[in-house]
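Chemist: curious how this folds, go ahead:
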Amino acid sequence: MPQTWWPLGGLPEPSPPGRELPAVVGVADLRATNAAAVLAAVRSTDPHPRLAALAEATRLSRPTVEAIVEELTDCGLIEVAPAVSARGQRSPGRPARRFRFRPHAGFVVGVDVRARSVSACLADLDGRPVAVERTAVRADLGGQARARAVTAVVQRAIDRSAADAPRVWAATVGTPGLVNRGNTRIRQADNLRGWAEADIVAVLSDTLGCPVAVENDANLAALGEQWRGVGGAADEMVFVLLGERLGAGVITGGRLLRGHRGAAGEIGFIRFPGSTSSQPGLEPLVPDSVGGAASGDPEAVAAITSYGRRLAAGVAPVLLALDPALVVLGTSLFPVPGLLPAAELLLGAAEEEAGSLLVDLPQWRLSALGDEAVITGAVRFALSSVEEVLRTRPTSLPARGALAEHSAAAAEHS
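Modeler: Here you go, the predicted structure:
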């Protein structure tokens with residue numbers, strides 16, 4: 001599979017000195033740029049635009065716009081919108097055609113791999129979920145068997161949606177552990193036996209015939225929260241994933257921070273205060289403590305409060321270095337409203353402890369996405385690569401494999 005550039009992940013390596021060439025714009029490049037401009041105008045104009053409005057928005061001639069519209073229609077990215085009168089009734093005669101984007105022209109897949117479950121979401125080109133499938137797996141499942149579980153749950157999501165595999169244009173797998181900077185391999189996943197050796201990128205790309213990326217689950221959760229959760233207004237955010245092991249995704253300058261080797265945010269390697277374990281990290285919260293704290297049990301309240309304080313004390317050096325505006329706690333421990341008092345205790349204790357340790361206090365919030373943060377971020381990550389092609393040469397996308405070819409070309413010219 002060609003080298004692939006994922007706009008929200010690792011960046012392509014720079015060209016060697018002296019190898020850069022001046023940009024040359026050919027006829028095909030110009031036509032692709034014009035097609036991208038017309039498509040962008042169709043997607044951004046409300047109500048659905050006519051040819052005249054597209055020509056005005058793009059500053060292209062009407063004959064040029066008409067030819068591009070036909071090409072975009074032929075490849076399935078746009079369609080003629082039903083003609084509707086001012087009263088909401090279909091207009092008689094032959095009114096001027098209006099055009100709209102077809103989000104179901106293609107799809108992306110997001111996958112969330114955990115020790116005891118695998119989930120897959122098929123989403124359209126607007127990022128709306130079309131089908132979601134989940135399956136339980138054994139925690140001790142081997143790497144190859146876990147990879148088969150991933151391909152099976154992805155295939156079920158595709159079958160359920162009645163979409164065909166060639167229209168899946170990109171996929172991203174979220175996983176615990178360390179991922180290389182190019183988003184192509186899992187470097188380390190201590191809690192998933194044999195998972196790093198399974199090469200899920202190659203396995204799933206062979207199944208789908210499209211580019212596949214792998215990314216750390218906390219990083220994807222941060223992207224998901226930034227996209228569809230409480231982090232939309234924050235350019236500086238730390239997302240703390242309270243799973244079986246702690247992890248963090250960092251948004252700085254509005255973008256994901258991945259670090260020199262892709263290991264930024266691995267707070268599970270911190271030795272937290274008050275730990276009696278010989279291993280780094282912070283032990284998971286006990287669900288019984290959550291329920292008890294929500295009911296006001298004094299021992300459970302004390303346990304939740306202590307956990308929040310230890311969490312804040314452990315990550316305080318990270319927060320001092322990054323100075324985020326927002327810290328989001330992501331967890332599946334508070335799935336129903338009745339447990340929110342326990343979440344408020346946890347947040348309050350963490351914020352109070354952090355207040356005594358930091359120069360400027362960030363806001364602490366509970367994730368709005370809950371258990372869906374990782375898979376939402378996986379969809380966003382995959383969609384970013386498709387959007388890059390829609391933004392540059394959209395008519396190449398319906399051809400199977402065009403996304404991979406575009407991504408390789410982008411890497412070569414970066």
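
Chemist: do you have the strands of this protein handy? List them.
Modeler: 78-81, 98-101, 107-113, 117-124, 129-136, 168-175, 178-179, 186-188, 212-216, 237-242, 246-252, 255-257, 326-330, 363-366 (DSSP state E).

Chemist: make TSV out of those and add distance to residue 43, mean pLDDT and mean neighbour count.
Modeler: For glycine as for every other residue, the C-beta is placed from the backbone atoms N, C-alpha and C. Listed next are those as TSV, based on distance: least, C-beta to C-beta, whole Å; pLDDT from 0 to 100; neighbours: other C-beta atoms under 10 Å:
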stretch	distance to residue 43	mean pLDDT	mean neighbour count
strand 78-81	9	93	17
strand 98-101	5	95	20
strand 107-113	16	98	29
strand 117-124	13	98	23
strand 129-136	18	97	16
strand 168-175	16	97	28
strand 178-179	31	94	24
strand 186-188	35	94	18
strand 212-216	24	97	29
strand 237-242	27	96	27
strand 246-252	25	95	24
strand 255-257	23	94	18
strand 326-330	29	96	25
strand 363-366	31	96	18
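
Chemist: possible to save those as JSON lines with distance to residue 395?
Modeler: Supplementary listing: the strands of the chain in JSON lines, determined by distance: least, C-beta to C-beta, whole Å:
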{"stretch": "strand 78-81", "distance to residue 395": "11"}
{"stretch": "strand 98-101", "distance to residue 395": "14"}
{"stretch": "strand 107-113", "distance to residue 395": "18"}
{"stretch": "strand 117-124", "distance to residue 395": "19"}
{"stretch": "strand 129-136", "distance to residue 395": "23"}
{"stretch": "strand 168-175", "distance to residue 395": "13"}
{"stretch": "strand 178-179", "distance to residue 395": "32"}
{"stretch": "strand 186-188", "distance to residue 395": "35"}
{"stretch": "strand 212-216", "distance to residue 395": "23"}
{"stretch": "strand 237-242", "distance to residue 395": "36"}
{"stretch": "strand 246-252", "distance to residue 395": "33"}
{"stretch": "strand 255-257", "distance to residue 395": "29"}
{"stretch": "strand 326-330", "distance to residue 395": "39"}
{"stretch": "strand 363-366", "distance to residue 395": "42"}
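
Chemist: compare those strands and give me the one nearest residue 389.
Modeler: Residue 389 lies closest to strand 168-175 among the strands of the chain, at 8.1 Å (C-beta to C-beta).

Chemist: what about residue 148, neighbour count?
Modeler: Neighbour count of residue 148, defined by other C-beta atoms under 10 Å: 16.

Chemist: I meant to write residue 232 there.
Modeler: By other C-beta under 10 Å, the residues close to residue 232 number 11.

Chemist: which ones are touching it?
Modeler: Neighbour list for residue 232: residue 226 [criterion: C-beta atoms under 8 Å, 6 or more residues apart in numbering].

Chemist: for it, what are phi and psi?
Modeler: Per-residue torsions, residue 232: phi -60, psi -30 (degrees, to the nearest 10).

Chemist: just the helices in the chain please.
Modeler: 27-44, 51-58, 62-74, 143-161, 200-208, 217-228, 287-294, 298-322, 340-355, 373-390, 402-413 (DSSP state H).

Chemist: what angle do the fifth one and strand 107-113 make?
Modeler: Between helix 200-208 and strand 107-113, the angle comes out at 140 degrees (axes from the mean of the first three to the mean of the last three C-alpha atoms, to 10 degrees).

Chemist: which secondary structure elements does helix 200-208 sit against?
Modeler: strand 107-113, helix 143-161, strand 168-175, strand 212-216 (3 or more C-beta pairs under 8 Å, 6 or more residues apart in numbering; DSSP states H and E).

Chemist: so for residue 265, which of the helices of the chain sits nearest?
Modeler: Evaluated with C-beta to C-beta, those place helix 217-228 nearest to residue 265, the distance being 5.7 Å.

Chemist: brilliant, that's me finished.
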